[in-house]
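Visitor: Only the shape, not the letters, is given here:
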């Protein structure tokens, strides 16, 4: 009984989550300047993470 209910719930959630055929983007409505600022932030964070090395390796 529980397995059937779980399967039905899983199937329903997949169908609801995949119901739209339109593609979407999180960058819709953003200016190019905002996208460039975000990319610069990601680059800066990646550089800081690379310079930090393995955290906890010397503990």
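Guide: All right, it came through fine. No experiment lies behind these values; they were computed from the predicted model shown.

Visitor: in the protein, which residue is closest to the centre?
Guide: residue 26 (9.9 Å; C-alpha atoms, centre = their mean).

Visitor: could you measure that one against residue 40, distance?
Guide: The gap separating residue 26 from residue 40 is 17 Å, by C-beta to C-beta, to the nearest Å. C-beta: built from backbone N, CA, C; applies to glycine.

Visitor: about what we covered before: where's the residue nearest to the centre of the chain, which helix or strand?
Guide: Here residue 26 sits in a region with no helix or strand, counting by DSSP states H and E.

Visitor: so how far is the helix or strand of the chain with the lowest mean pLDDT from its chain's centroid?
Guide: The helix or strand of the chain with the lowest confidence, counting by mean pLDDT, DSSP states H and E, is helix 2-17 at a mean of 75. Averaging C-alpha coordinates over helix 2-17 and over its chain gives two centres that are 23 Å apart (C-alpha atoms, centre = their mean, to the nearest Å).

Visitor: which helix in the chain runs the most residues?
Guide: Scanning the chain for the longest helix, with DSSP state H as the assignment, gives helix 32-52.

Visitor: And the contacts of that one?
Guide: By C-beta atoms under 8 Å, 6 or more residues apart in numbering, the list of residues contacting helix 32-52 from outside reads residue 27.

Visitor: what number of residues lie near residue 9?
Guide: Neighbouring residues of residue 9 were enumerated by other C-beta atoms under 10 Å; the total is 10.

Visitor: for residue 40, same thing?
Guide: Residue crowding around residue 40 was assessed by other C-beta under 10 Å; the count is 10.

Visitor: what about it, distance to residue 6?
Guide: Relative to residue 6, residue 40 is positioned 45 Å away (criterion: C-beta to C-beta).
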